[in-house]
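Enquirer: any chance you could fold what I've pasted below:
(one chain, ligands or ions: 1)
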Amino acid sequence: MSLNTALLKQQVFVDGAWLDADSGETLDVHNPATGEKIGTIPFCGRPETARAIAAAEAALPAWRALTAEARAGYMHALCDAIMEDIDDLAVLLTTEMGKPVAEAKGEIALGVKYIRFFAEEGKRIYGDTIPSPWADRRILVTKEPVGVVGSITPWNFPNSMIARKLGAALAAGCTMVMKPAEFTPYSALIYGIMAEKANIPAGVVNIVTGDAPAIGEEMCENPVLRKITFTGSTRVGKLLAGNAGRNMKKISMELGGNAPFIVFDDADLDRAVEGAIASKFRNSGQTCVCANRLYVHAGVYDAFAEKLKTAMQAQLKVGNGLEGSTTQGPLINAAAVDKVEDHVKDALAKGGELISGGHRPDGAGTFFEPTLITGATPDMKVAHEETFGPLAALFKFETEEEAIQLANDTEYGLATYFYTQDLGRSFRVMEKLQYGLVGVNEGVITTEVAPFGGFKDSGIGNEGSKYGLDDYLNVKYSCIGGLGL
Ligand code: ADP
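Expert: Residues are numbered from 1 along each chain as shown. You can find the predicted model right below:
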């Protein structure tokens, strides 16, 4: 599988043109599986971002004036262009991000589903009429696009994280300035190529790369930009939310998680193991909804640990994502490997037992073995921090109340999973878990038709579904008086 260099755009996309940074400075981008340099991207800052925002402002009146059907036409054309090149786009994504090429293809296909869903949902941006308390006036509620939107996205889903934001924004009638992660810019810059192919008017979609804090500051402080949508760490999310709040901008924040995965003693253990493999090890453990803490009832603890070990050893294969049999690509960079290693060492120092994996393989690339540790305890780092890597740590519990208390004992509230065959318990536990996403007997639950959003420090707002579209709309109340009725 070789890289199609026609899709490797090394410039930013502003007002329909491909440009370098004003300074001419660039950043290097590397392949995490080999350490090799793939190319460069422009190191832009505030002035380039301001120009992208101005282009989005200029494009806004015509874009929002289109019918929802006309906007949907452009959006479906964008998706058609992406699907035409999906095999090459998957290779590009794997080359810069590392995940297995089949997963990369799945991610891009899911991104397309988001855009197509929103293209159609845009036709259902309904308003309201409200019974009036005045005989001669009528009350009308309509929804309008918030205006120019800025997005900042991470490297772990470099295509679909953009698609969920771009789809909702375009459908609502907003225009966009997007800043992808510096580790995976090319899967974002392809949206410029595809926007051109789909004949989307210049300025509707703009993409800048470079100095993240400077670009973020311009987005937060430029009065033209009306909303910031961010996916990434809670630390950066709070920084952006604070700055956006001072400038009274709308925000959507999809931040970190520390997902508990609970296995009750009445669970179907094989199903729970299957869910744990999918939830914990997808993308080598680098998703914000990855199971981070696995709580297993004492009565099934040893059996679950044994089954999970067997499944991990049989199913998980570490390697370059471009090689067909790989299920576990590299981690994004050396710092990510250091963090997993630190969590493993910390757990072992505090009494954990290493059951499988635990090391960096020899050779190039930023890899780490899928790792299983039993005997995990609340004083370990893995109990409190998101590992964001392939470490499964098994904690033991005795009662349902204890499991719920342990699961909720975190500042995060994004995703949680639990396994039980008891219907009453399903509802009891589902209702008590303080999380925005709950998988009951399921380990992977993301879909474009359902809302995706966190409680507590995991964020504000939703993506996907009708709720995700609402985040890009202002509600307007018009009182129509003087009707002389
Ligand atoms: P991660 O730990 O997943 O890399 P980050 O929150 O650091 O999460 O990064 C997510 C996105 O936020 C990336 O696009 C990154 O460039 C961007 N980013 C990092 N720091 C800042 C900042 N100070 N202001 C704006 N964006 C930032």
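
Enquirer: I figured Leu60 hits Val149, correct?
Expert: No - with contact defined as C-beta atoms under 8 Å, Leu60 does not count as touching Val149 (10.1 Å). C-beta here means a position set from N, CA and C on the backbone, and glycine is covered the same way.

Enquirer: mutual contacts of these two, please.
Expert: Taking C-beta atoms under 8 Å, 6 or more residues apart in numbering as the contact rule, Leu60 and Val149 both touch Cys174, Thr175.

Enquirer: looking at the two, which is more packed in?
Expert: Between Leu60 and Val149, Val149 has the larger neighbour count (other C-beta atoms under 10 Å), namely 29 against 20.

Enquirer: next SSE downstream of the one helix or strand the more buried one maps to?
Expert: According to DSSP states H and E, Val149 maps onto strand 148-152. As assigned by DSSP H and E, the chain's next helix or strand after strand 148-152 is helix 160-172.

Enquirer: is any part of that next one close to the ligand?
Expert: No - judged by C-beta under 6 Å from any ligand atom, helix 160-172 and the ligand are separated, with a smallest distance of 9.4 Å.

Enquirer: mean confidence score for that helix?
Expert: Averaging pLDDT along helix 160-172 yields 98.

Enquirer: what helices and strands are in contact with it?
Expert: Under the contact criterion of 3 or more C-beta pairs under 8 Å, 6 or more residues apart in numbering; DSSP states H and E, helix 160-172 touches helix 68-84, helix 101-121, strand 148-152, strand 175-179, helix 186-197, strand 225-231, helix 465-470.

Enquirer: now do the fifth one: everything it contacts.
Expert: Surrounding helix 186-197, the residues in contact under the criterion C-beta under 8 Å, 6+ apart are 7-9, 11-13, 16, 18, 29, 38-39, 41, 77-78, 81-82, 85, 89, 92-93, 96-97, 153, 158-159, 162, 166, 178, 180, 204-205, 207, 209.

Enquirer: how far off centre is it?
Expert: 19 Å (C-alpha atoms, centre = their mean, to the nearest Å).

Enquirer: over to the longest one?
Expert: Put simply, helix 101-121 sits 13 Å off its chain's centre (C-alpha atoms, centre = their mean).

Enquirer: before we move on, the earlier item: tell me which of the helices and strands packed on helix 160-172 lies nearest to the ligand.
Expert: Evaluated over those, closeness to the ligand peaks at strand 148-152, with 4.8 Å, by C-beta to the nearest ligand atom.

Enquirer: return the list of strands paired to the closest one, each annotated with direction.
Expert: Paired with strand 148-152 in the same sheet, following DSSP bridges, are strand 175-179 (parallel), strand 225-231 (parallel).

Enquirer: between it and helix 160-172, how many degrees?
Expert: Relative orientation of strand 148-152 with respect to helix 160-172: 170 degrees, computed using axes from the mean of the first three to the mean of the last three C-alpha atoms, to 10 degrees.

Enquirer: average pLDDT across strand 148-152?
Expert: pLDDT averaged over strand 148-152 gives 98.

Enquirer: same check, this time on stretch 340-347
Expert: 98.

Enquirer: show me what counts as buried in that stretch.
Expert: Val340, Glu341, His343, Val344, Ala347 (16 or more other C-beta atoms under 10 Å).

Enquirer: surely Thr118 and Cys174 touch.
Expert: Actually, residue 118 is Phe rather than Thr. No - assessed by C-beta under 8 Å, Phe118 is found out of contact with Cys174, at 11.2 Å.

Enquirer: closest residue of the stretch 351-485 of the chain to the ligand?
Expert: Minimum separation of the stretch 351-485 of the chain from the ligand (C-beta to the nearest ligand atom) falls at Phe388, amounting to 7.5 Å.

Enquirer: helix, strand or coil for that residue?
Expert: coil (DSSP: H, G, I helix; E, B strand; the rest coil).

Enquirer: what number of residues lie near it?
Expert: 24.

Enquirer: would you quantify the distance from it to Pro154?
Expert: Phe388 sits 10 Å away from Pro154, going by C-beta to C-beta, to the nearest Å.

Enquirer: would you mind naming what in the chain lies close to the ligand?
Expert: By the rule C-beta under 6 Å from any ligand atom, the part of the chain lying against the ligand is 152-154, 179, 181-182, 212-213, 216, 232-233, 236, 239-240.

Enquirer: turn those into a markdown table, including neighbour count and distance to Leu485.
Expert: A markdown table is the format used below for the residues of the chain next to the ligand (neighbours: other C-beta atoms under 10 Å; distance: C-beta to C-beta, whole Å):
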| residue | neighbour count | distance to Leu485 |
| --- | --- | --- |
| Ile152 | 23 | 50 |
| Thr153 | 27 | 51 |
| Pro154 | 20 | 55 |
| Lys179 | 27 | 52 |
| Ala181 | 22 | 57 |
| Glu182 | 16 | 61 |
| Ala212 | 15 | 57 |
| Pro213 | 12 | 57 |
| Gly216 | 22 | 52 |
| Gly232 | 21 | 53 |
| Ser233 | 15 | 56 |
| Val236 | 19 | 54 |
| Leu239 | 16 | 53 |
| Leu240 | 24 | 49 |
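
Enquirer: that older thread, which ones among the buried residues of stretch 340-347 are found in strands?
Expert: Assignment to strands by DSSP state E places none of those there.

Enquirer: so which of these are in helices?
Expert: Val340, Glu341, His343, Val344, Ala347 (DSSP state H).

Enquirer: between these, which is nearest Val300?
Expert: Ala347 (21.1 Å; C-beta to C-beta).

Enquirer: my read: the closest one touches Met380, true?
Expert: Yes - using C-beta under 8 Å, Ala347 is in contact with Met380, at 4.8 Å.
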